[in-house]
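K.L.:
Quick one, structure for this:
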Amino acid sequence: MTTSPTSPPDPSTSPSPTIPTRLLLLSDTHIRSRSKKPLPFPIPSVPADIVIHAGDITDSSTLSEFRLCLSYLRQLHAPLKLIIAGNHDYTLDLPFTSSRLTSSQSKSTKRKGLDLGEPGEEAKTLLSAAAKDGIFYLEEGTHHFTLSNGAKLTVYASPATPAFGSQGFQYTAQEGHVFDIPPEADIVITHGPPRGILDMSRLTRTSCGSVELWEAIKRTRPKVHVFGHIHEAWGAAVVKWKDNDENGEVEVEVESAKVLEDRRGVEEGWKDSKEEKKRKEEKVERIVRDGYFHLKYNRGEEDAEQTLFVNAAVMYAPGYVPWLVDIELPRSDGDGNEGGTMADARDGQANARSRECLSTNLEHLEL
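P.N.:
Numbers count the residues shown, from 1 in each chain. Model prediction:
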């Protein structure tokens, strides 16, 4: 069919405004330099477009632990890897280390043989040098990327968490924190969870998430929010949003919120039947062997109308593995490579290793 310059484009030949993009999400690796086996699962063989690590890269913020984590990340099959700090990565928080790391603490770390390096400098130098391998350390703020699959990505990152003890990147209730998430953010990466979403602590039996972060997420409604910090709250949930126009003002409300998967799907419960225990054992064996959990969920007609929340903390129990998630990202305006994406590449190996998500009974979140 021949069209004139003024003819409208043929929808059948116009490229899609979005590009399928595959994410591999993890957090809280707490890698220990003296551990013979830093992680309890194998390197995931499935390829992804982006790897995201949501903080607590290390356990003691030593240079050797940073090196081990970078070595692990280099082995993951993705052209882009994004990492942020967590409270355990405290040497990256220069104000904290300058004010809190006293000379006596410094002597103590030397006695323990901890190679912390010069706080705020050597660790950052290590992470910055990893950019040549596609590994980018994101400090607080907004970051933009053009992906090799032809998509564009806007990310907001923040390591800040409410204070608990004395560690890096923490703020008190009196100080508060401003999470300046832009409305165009596709993905939000924070170390800690928002209040009420996959943030329940077994230790205190309370929600440990940030109220300020929840308000910022509710305001901006990104496609995905990935975090960690509360290890035992590993899981995934979807929140659907609606606008309630009252007195001429639009107020964002939660229409529904559902847990897609959490620790109850991989941990043995005292009320579980023999059949349920067996099913969970087989499930954990499978996902630990694969090194990832492939989350499949209904993204809906408009991703902007809902947010996928993922607590990607992998340090707690054997079934807590990285998440494999497929999303749609806007197509780049540039001349990027618009070839096949990892989300499209269902090659034989990926198909063999991918498994259907075995969800627990969906429950409404208390928000």
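
K.L.:
Hmm, residue 27 and residue 314 touching each other?
P.N.:
Yes - assessed by CB atoms under 8 Å, residue 314 is found in contact with residue 27 at 6.8 Å. Where C-beta positions appear, they are placed from N, C-alpha and C, glycine not excepted.

K.L.:
who has more neighbours, these two?
P.N.:
For residue 314 and residue 27, the more surrounded residue by other CB atoms under 10 Å is residue 27, and the numbers stand at 33 against 24.

K.L.:
Pull the number of nearby residues for the closest residue in space to that one that isn't next to it in sequence.
P.N.:
In space, and not counting its chain neighbours, residue 27 is closest to residue 228: 2.7 Å by CB to CB, 6 or more residues apart in numbering. Applying other CB under 10 Å, we find 32 residues neighbouring residue 228.

K.L.:
repeat for residue 154
P.N.:
For residue 154, the count of nearby residues is 18 (other CB under 10 Å).

K.L.:
hey, where'd the helices end up in the stretch 251-367 of the chain?
P.N.:
Taking DSSP state H, counting those that start in this stretch to define them, one finds helices in the stretch 251-367 of the chain at 274-290, 348-353.

K.L.:
Where among the ones you listed is average confidence lowest?
P.N.:
Of all the helices of the stretch 251-367 of the chain, mean pLDDT reaches its minimum on helix 348-353 (a mean of 34).

K.L.:
the bottom helix or strand of the protein by mean pLDDT?
P.N.:
Within the chain, judged by mean pLDDT, DSSP states H and E, the helix or strand with the poorest mean is helix 348-353; its value is a mean of 34.

K.L.:
re earlier: comparing the helices of the stretch 251-367 of the chain, which stretch has the densest surroundings?
P.N.:
Across those, averaging neighbours per residue (mean count of other CB atoms under 10 Å) puts helix 274-290 on top, at a mean of 14.

K.L.:
if I read this right, residue 289 contacts residue 45, doesn't it?
P.N.:
No - contact criterion CB under 8 Å: residue 289 and residue 45 do not qualify, at 10.6 Å.

K.L.:
give me the low-pLDDT residue ranges for the stretch 101-250 of the chain?
P.N.:
Counting by pLDDT under 70, the stretch 101-250 of the chain contains low-confidence ranges at 101-120, 245-250.

K.L.:
go with 90
P.N.:
For the stretch 101-250 of the chain, applying pLDDT under 90 flags the ranges 101-123, 163-170, 173, 200-208, 231-232, 240-250.

K.L.:
Hmm, residue 51 is touching residue 74, no?
P.N.:
No - the pair residue 51 / residue 74 is not scored as a contact, 10.4 Å apart, by CB under 8 Å.

K.L.:
Which one of these two is surrounded by more residues?
P.N.:
Comparing residue 51 with residue 74 by other CB under 10 Å, the one with more neighbours is residue 51, at 23 against 12.

K.L.:
how near is the more buried one to residue 198?
P.N.:
20 Å (CB to CB, to the nearest Å).

K.L.:
try residue 79
P.N.:
Here residue 79 is placed at a distance of 28 Å from residue 198 (CB to CB).

K.L.:
between the two, who's got more neighbours?
P.N.:
Neighbour comparison, residue 79 and residue 198: the larger count goes to residue 198, with 28 against 15 (by other CB under 10 Å).

K.L.:
sec struct for the more buried one, please.
P.N.:
Three-state call for residue 198 (DSSP: H, G, I helix; E, B strand; the rest coil): coil.

K.L.:
you'd agree it is up against residue 311?
P.N.:
Yes - Residue 198 is within contact range of residue 311, at 4.0 Å (criterion: CB under 8 Å).

K.L.:
Give the residues shared as contacts by these two.
P.N.:
Contact criterion CB atoms under 8 Å, 6 or more residues apart in numbering; residues shared by residue 198 and residue 311: 227, 230, 233-236.

K.L.:
Now intersect these with the strands, please.
P.N.:
The members of the shared contacts of residue 198 and residue 311 that map onto strands under DSSP state E are 227, 235-236.

K.L.:
Looking at the residues you listed, state which has the most neighbours.
P.N.:
With neighbours taken as other CB under 10 Å, the top of these is residue 227, carrying 33 neighbours.

K.L.:
That one pairs with what?
P.N.:
Beta-bridge partners for residue 227, by DSSP bridges, are residue 311.

K.L.:
How about residue 257?
P.N.:
Beta-bridge partners for residue 257, by DSSP bridges, are residue 239.

K.L.:
go on, the one 4 residues further on?
P.N.:
In this structure, residue 261 has the following beta-bridge partners (DSSP bridges): residue 236.

K.L.:
who's in contact with the most centrally placed residue in the chain?
P.N.:
Geometric centre of the chain, nearest residue: residue 226, 3.2 Å, by CA atoms, centre = their mean. Residues in contact with residue 226 (CB under 8 Å, 6+ apart) are 23, 25, 27, 52, 54, 187-190, 310, 312.

K.L.:
Format those as TSV; extra columns: secondary structure and distance to residue 264.
P.N.:
What follows is these, written out as TSV (DSSP: H, G, I helix; E, B strand; the rest coil; distance: CB to CB, whole Å):
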residue	secondary structure	distance to residue 264
23	strand	23
25	strand	20
27	strand	19
52	strand	24
54	coil	22
187	strand	26
188	strand	25
189	strand	25
190	strand	24
310	strand	16
312	coil	17
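
K.L.:
Farthest pair within those residues?
P.N.:
23 and 190 (15.4 Å; CB to CB).

K.L.:
More neighbours: the two, which one.
P.N.:
Using other CB under 10 Å, the more surrounded residue of residue 23 and residue 190 is residue 190, with 30 against 27.
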